[in-house]
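J.: got a predicted model here, sequence first, then my questions.
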Amino acid sequence: MKIDCHNHSLFSPDSSRTPEEGAEKAREDGIKYLAFTEHMDLGFPNDARPEGEFVFNYMITGEYFERVRRINAAFPDFEVCAGVEVGYTPEDVGEICDKLGALPFGYIVNSVHICHGLDCYWKKFWDGYSREKAYREYLDCVRESLDAPYRYDAVGHLGYIGRPSPFERKTLLYSDFPEELDDILRTVIAKGKILEANSSVGGCAAEGTLCLPDISIFARYYELGGRKVNFGSDSHRSERTGYNYPSVAAALKDLGFTHWTIVRGGKEYKEVID
Ligand SMILES: [Zn+2]
Ligand SMILES: [Zn+2]
């Protein structure tokens with residue numbers, strides 16, 4: 001089954017396409033399961049943002065669920081899930097718990113966008129940081145996010161820091177931090193979470209990187225016994241929905257993965273990778 005488990009629409013501050021438009025594009029591409037994962041970045045440092053950067057508001061309302069319900073009613077052979085992408089910030093876990101409990105999210109991705117109080121897309125983030133120091137700190141944040149007290153189903157875009165990295169070698173490889181990555185992967189497995197393969201790789205694309213985390217990290221995950229994977233394009237525009245699905249699916253199958261793990265109404269289901 002062709003799937004795409006990470007997409008944004010106008011219920012996220014950095015996307016303006018409608019959920020209906022995203023669903024139409026996915027159906028045209030033969031995708032059978034599409035999850036919208038709108039942003040919930042409650043600790044986003046809007047005060048520190050550079051001039052001209054959009055304000056990262058939380059924009060999810062009851063209307064989001066109603067529009068997804070209507071898409072599902074209109075297309076019985078196609079499924080859309082109303083999910084959320086939580087941006088982990090330790091100071092905000094109480095409010096995250098409250099907001100997650102207030103609405104019926106079908107699927108929850110836990111992501112790290114902010115480290116040392118800044119977004120790594122901002123130049124200021126990298127001031128005074130070596131590659132080693134910045135990447136290590138990012139991995140510390142990811143490791144901490146795995147122990148978040150709220151419900152989440154999947155770990156989003158592990159290796160995100162590589163997308164805007166100013167360093168010559170951007171992609172986070174398994175060989176860069178084997179100890180730290182082993183700890184993260186073993187924890188993902190022990191907690192029964194899904195490791196997302198995110199095909200939005202930013203600057204890592206020039207290095208031939210197919211997804212985040214890099215395939216070298218998926219290889220180790222498989223070796224350690226990890227089997228729960230899914231695919232997400234992280235699309236904010238319709239032309240990016242399903243981006244690079246065939247290559248990512250083929251690379252994961254080569255490693256031995258046979259099934260996607262998708263989530264409906266908070267419950268996991270397996271679908272053959274094809
Ligand atoms: Zn994200
Ligand atoms: Zn996203």
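T.: On my side now, so go ahead. Ligands and ions are numbered 1, 2, ... in the order given.

J.: show me where the stretch 1-150 of the chain has helices.
T.: For the stretch 1-150 of the chain, the helices defined by DSSP state H, counting those that start in this stretch occupy 19-28, 62-74, 93-102, 131-145.

J.: most packed of those?
T.: Mean neighbour count (mean count of other Cβ atoms under 10 Å) peaks for helix 19-28 among the helices of the stretch 1-150 of the chain, with a mean of 20. Any C-beta I mention is one placed from the backbone N, CA and C, and that applies to glycine too.

J.: quick one: which of the helices of the stretch 1-150 of the chain is nearest V248?
T.: Smallest distance to V248 across those (Cβ to Cβ): 15.7 Å, for helix 19-28.

J.: show me what the closest one is packed against.
T.: Other helices and strands packing on helix 19-28, by 3 or more Cβ pairs under 8 Å, 6 or more residues apart in numbering; DSSP states H and E, are strand 33-40, helix 62-74.

J.: relative to A154, which of those is closest?
T.: With Cβ to Cβ, the closest approach to A154 among those belongs to strand 33-40: 9.0 Å.

J.: please spell out which residues along that closest one are buried.
T.: 33-40 (16 or more other Cβ atoms under 10 Å).

J.: would CSV of the helices and strands packed on helix 19-28 with distance to F257 be doable?
T.: Formatted as CSV, the helices and strands packed on helix 19-28 follow (distance: least, Cβ to Cβ, whole Å):
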stretch, distance to F257
strand 33-40, 17
helix 62-74, 28
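
J.: next, format those as CSV and append mean pLDDT and distance to D214.
T.: Below are the helices and strands packed on helix 19-28 laid out as CSV (pLDDT from 0 to 100; distance: least, Cβ to Cβ, whole Å):
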stretch, mean pLDDT, distance to D214
strand 33-40, 98, 21
helix 62-74, 98, 32
